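Undergrad: Provided below for reference: sequence and predicted model.
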Amino acid sequence: MELNDGNLQTLTEFLQKTLDPDPNVRRPAEKFLESVEGHQNYPLLLLTLLEKSQDNVIRVCAAVTFKNFIKRNWRIVEDEPNKISDQDRTAIKANIVNLMLSSPEQIQKQLSDAISIIGREDFPLKWPDLLTEMVTRFRSGDFHIINGVLRTAHSLFKRYRHEFKSNELWTEIKLVLDTFALPLTELFKATIEFCQTHATDVGALKVLFSSLTLISKLFYSLNFQDLPEFFEDNMETWMTNFHGLLTLDNKLLQTDLVSNAIQFLASVCERPHYKHLFEDQNTLTSICEKVIVPNMEFRSADEEAFEDNSEEYIRRDLEGSDIDTRRRAACDLVRGLCKFFEGPVTAIFSGYVNSMLGEYAKNPGGNWKHKDAAIYLVTSLASKAQTQKHGITQANELVNLTDFFVNHILSDLKSSNSMNSFLYQINYIKADINDHPGFFFLQLPKEQLLQAVPLLIAHLQAESTVEHTYAAHALERLFTMRGPNNSTLITPAEMAPFTEQLLNNLFKALSLPGSAENEYIMKAIMRSFSLLQDTIVPYIPTLIGQLTHKLLLVSKNPSKPHFNHYLFESLCLSIRITCKANPTTVGSFEEALFPVFTEILQNDVQEFLPYVFQVMSLLLEIHSNSIPSSYMALFPHLLQPVLWERSGNIPPLVRLLQAYLQKGGACIANTSADKIPGLLGVFQKLIASKANDHQGFYLLNSIIEHMPPESIIQYRKQIFILLFQRLQGSKTTKFVKSFLVFVNLYCVKYGAIALQEIFDSIQPKMFGMVLEKIVVPEVQKVSGAVEKKICAIGITKVLTECPAMMDTEYTKIWTPLLQALIGLFELPEDDSIPDDEHFIDIEDTASYQTAFSQLAFAGKKEHDPIGDAVGNPKLLLAQSLHKLSTACPGRVPSMLSTSLNAEALQYLQGYLQAASVQLV
């Protein structure tokens with residue numbers, strides 16, 4: 001694509017169409033952009049548009065499209081095509097920083113994200129001048145430019161907070177510090193001075209404090225791994241100014257800086273190295289009174305978000321987003337202080353809690369914020385450890401949670417609109433109560449939890465989005481709690497009186513304003529299905545209709561990935577639970593779902609395809625050993641190359657093809673033999689990729705296991721040649737492990753003689769080379785019980801059913817192979833990986849394409865192709881050796897006594913005794 005006006009105009013028109021709400025207009029435009037994005041100059045055309053277009057909407061659209069293009073394609077993945085030419089990469093890096101800093105904020109943020117994506121791959125080795133170019137802009141004096149630099153630096157450096165320590169990481173951080181630490185410190189001091197100069201100018205203060213917020217985040221990131229020498233030497237400058245910011249009381253400001261400063265304080269107080277800074281009782285009291293309590297209160301900004309932007313309020317409160325609230329930061333500081341000073345801090349706050357509750361009791365309508373703050377203070381005090389998944393995992397024994405819940409929580413949960421004139425304020429408290437389910441529930445007796453269930457179900461009908469969302473969240477957390485024997489704490493029988501109301505209220509909540517795609521409600525639906533199991537079967541005919549209708553609606557424009565995921569999980573649960581009781585009902589699910597699935601496939605809704613393939617796999621696997629015609633009609637379309645270009649499709653598509661082969665390998669061979677080359681073409685594409693070769697082996701193993709031998713005989717030799725080419729050209733541990741499993745499965749299926757013959761037909765004596773160079777030295781790396789079983793049985797067949805192993809030059813490999821097999825049985829798995837091998841996982845491959853999200857409730861049981869035919873491979877080895885020795889008297893004992901080491905021989909004697917056989 002040339003950089004000319006014609007292409008710019010064409011691109012403008014298609015970008016405009018991608019904004020059209022009509023999918024018939026939007027999707028073709030998206031397809032066009034997808035088809036041309038691999039052309040040279042495409043990203044430069046986008047940059048030109050976002051710089052020079054007169055239409056601001058097009059500029060923003062071009063910026064977002066550019067960022068997403070970079071996110072999809074910048075990382076260079078081995079064995080994958082490089083969609084961005086070297087010339088375009090060089091031009092992008094040469095221009096993007098200037099362009100980002102001169103753009104309006106809306107575009108600047110998109111380009112800043114793009115720079116951080118490029119930086120993660122190329123900085124510092126391939127983009128050494130990035131930091132220098134950014135730092136020089138600090139001297140511009142233009143805080144629009146400065147904030148652009150700071151925002152970009154934050155997106156680059158925040159990963160230091162969670163990276164594992166390594167020499168490579170230290171080297172990068174040192175480089176950053178050498179270039180960035182001094183200019184950042186000078187900018188910090190200058191910005192503080194500007195704040196004092198412009199103390200009465202609210203417009204200037206907002207810009208300056210947004211800079212200080214970013215500077216604080218950068219300081220936190222650069223000090224997270226360890227305290228660098230530079231910052232240690234300049235600690236007085238930073239701490240003095242941080243203290244000033246913490247105590248600043250400027251009514252013109254409503255910023256996030258305070259929360260960042262408190263978060264830093266929370267991080268410091270948890271570290272033993274700084275414990276002495278907080279040991280003085282006066283210091284503790286001062287922090288509690290002047291920092292924590294004022295910031296624990298429900299502020300007017302929180303109230304506005306609760307009323308006007310409930311989604312953002314929920315996101316910040318439940319998920320702890322990057323822009324933390326003051327309250328969350330104060331809670332973290334309480335927990336941090338309690339790590340070393342639990343007793344004194346609890347004593348200080350106990351008085352405050354009692355005082356707050358007393359004020360609330362005097363005038364609940366006017367003083368509701370006091371109780372709200374008390375709840376947060378108690379939850380922060382009582383939780384010593386927590387995780388995102390499980391909530392509070394360790395409690396402060398000095399806080400009596402049961403009494404607090406009974407005396408101050410249940411009463412508010414029981415209140416209703418008609419009974420309380422001040423309920424509008426109480427709604428905030430109810431929402432906050434429901435925000436802490438993992439906190440209270442884990443500490444309470446089961447009887448009290450059961451009292452809370454119908455109350456929470458009732459709150460699902462609340463008009464307040466935050467309240468009914470938090471009620472759903474509370475129920476979902478309650479349903480995940482485990483009892484002493486690791487079963488769910490609350491049983492389906494105990495939920496029986498509430499089941500119908502629970503399901504009704506959850507689905508009705510999805511029709512409340514603002515909650516049509518509420519992920520917390522859908523997650524609660526999923527969790528309810530999982531808990532209630534077969535008690536929901538009578539309701540499924542009605543519920544599946546509501547779920548499929550919702551799926552049809554959201555497929556028009558997927559925008560809430562978590563909601564969509566839980567929706568598909570709920571569909572899977574409906575199928576699993578119902579078909580477990582009655583497998584014949586699978587047809588009714590197909591009847592309900594296939595029209596929606598067909599529309600999703602026809603419209604190529606990329607976000608949903610991996611989910612659709614998983615659900616179809618689940619449905620097909622439930623069928624008896626046959627494939628319905630509706631599935632066979634779809635089979636040729638599943639082999640289309642375009643589907644396999646998207647990495648997110650590969651795992652579910654492979655599973656779906658495996659289901660086809662398992663249920664109807666013979667049917668495919670008889671009615672779709674012309675599609676076998678396409679099936680093998682998919683295998684060939686997958687094994688060429690280091691990221692997806694294991695998926696290729698999954699498919700190949702299913703072909704070998706389920707297809708009639710005569711249907712693939714003409715392809716077998718070429719299959720092995722492809723595998724050897726990959727071994728020779730790009731051998732990895734993962735590939736070798738998969739190769740060993742396949743070779744041994746082939747041996748189990750077709751026999752050891754067939755395996756030897758196909759190897760030697762490719763190249764004379766290749767069978768011996770494979771055994772000597774691959775099987776013997778590498779089989780110890782095979783992992784997984786089924787995989788080890790396959791290898792053990794395959795090797796046993798090679799040892800005992802292949803005449804060439806006894807009568808040719810291959811005989812010298814016989815004892816080392818037996819030794820390796822005994823090692824597979826008895827020695828620990830060899831999980832070492834060569835130093836020079838860069839192991840690539842699926843998760844590591846660059847992609848902004850739809851990622852594969854495994855549906856937990858669509859999972860399938862591990863398949864054992866051997867099944868019950870062999871129970872104990874050790875006994876099979878003993879019995880097979882006995883049979884061999886009977887056919888060749890004296891040979892086997894002689895080979896064992898001269899070559900097998902004593903320890904392995906001792907293990908083998910044990911196998912023979914267990915099988916009640918002996919060698920002759």
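TA: All right, it came through fine.

Undergrad: Please count neighbours and contacts with C-alpha atoms only from this point.
TA: Will do.

Undergrad: For Asp435, give me the pLDDT.
TA: For Asp435, the model assigns a pLDDT of 48.

Undergrad: I meant to write Lys737 there.
TA: 97.

Undergrad: quick one: it and Val779 touch, right?
TA: Yes - between Lys737 and Val779 there is a contact under CA atoms under 8 Å: 7.4 Å.

Undergrad: So if I had to pick from the two, which one is more boxed in?
TA: Val779 (25 against 20; other CA atoms under 10 Å).

Undergrad: ok, that one - contacts?
TA: 737, 740, 791, 820-821, 824 (CA atoms under 8 Å, 6 or more residues apart in numbering).

Undergrad: Considering only helices and strands, which part of this protein has the lowest mean pLDDT?
TA: The helix or strand of the chain with the lowest confidence, counting by mean pLDDT, DSSP states H and E, is helix 423-434 at a mean of 43.

Undergrad: check which helix or strand covers Leu653.
TA: helix 650-671 (DSSP states H and E).

Undergrad: buried set for that helix?
TA: The neighbour-count check on helix 650-671 (16 or more other CA atoms under 10 Å) flags 650-669 as buried.

Undergrad: which residues of the chain score low on pLDDT?
TA: The chain contains residues with pLDDT under 70 at 79, 250-257, 319-325, 383-399, 415-443, 835-851.

Undergrad: that older thread, derive a PyMOL selection command for the buried subset of the contacts of Val779.
TA: Only the buried entries of the contacts of Val779 go into this PyMOL selection, using 16+ other CA under 10 Å:
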select buried, resi 737+740+791+820+821+824
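
Undergrad: Compile the contacts of Val779 into a markdown table and extend it with columns for secondary structure and distance to Lys206.
TA: Shown next, in a markdown table, are the contacts of Val779 (DSSP: H, G, I helix; E, B strand; the rest coil; distance: CA to CA, whole Å):
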| residue | secondary structure | distance to Lys206 |
| --- | --- | --- |
| Lys737 | helix | 58 |
| Leu740 | helix | 63 |
| Cys791 | helix | 67 |
| Ala820 | helix | 70 |
| Leu821 | helix | 70 |
| Leu824 | helix | 66 |
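
Undergrad: out of the contacts of Val779, which one sits closest to Ser885?
TA: Checking the contacts of Val779 against Ser885 with CA to CA, the nearest one is Leu821 at 17.9 Å.

Undergrad: tell me the SS of the nearest residue to the closest one once chain neighbours are set aside?
TA: Once flanking residues are discounted, Leu821 sits nearest to Ala792: 6.4 Å by CA to CA, 6 or more residues apart in numbering. Following DSSP: H, G, I helix; E, B strand; the rest coil, Ala792 is assigned to helix.

Undergrad: and the gap between Ala792 and Val743?
TA: Computed as CA to CA, to the nearest Å, the Ala792 to Val743 distance reads 11 Å.

Undergrad: okay, these two: which has more neighbours?
TA: A side-by-side neighbour count of Ala792 and Val743, using other CA under 10 Å, places Ala792 first with 28 against 19.

Undergrad: tell me the contacts of the more buried one?
TA: So Ala792 contacts 821, 824, 873 (CA under 8 Å, 6+ apart).

Undergrad: what's the closest of these to Leu156?
TA: Leu824 (45.3 Å).

Undergrad: Any idea how many residues pack against the closest residue to that closest one other than its chain neighbours?
TA: Leaving aside its sequence neighbours, Leu824 sits nearest to Gln780 (CA to CA, 6+ apart; 5.4 Å). By other CA under 10 Å, the residues close to Gln780 number 22.

Undergrad: for the one 5 residues further on, same thing?
TA: A total of 10 residues lie near Ala785 under the criterion other CA under 10 Å.

Undergrad: One more: Phe264?
TA: Using other CA under 10 Å: Phe264 sits among 21 other residues.

Undergrad: Past the helix or strand encompassing it, which element shows up next along the chain?
TA: Using DSSP H and E, Phe264 maps to helix 257-269. As assigned by DSSP H and E, the chain's next helix or strand after helix 257-269 is helix 281-287.
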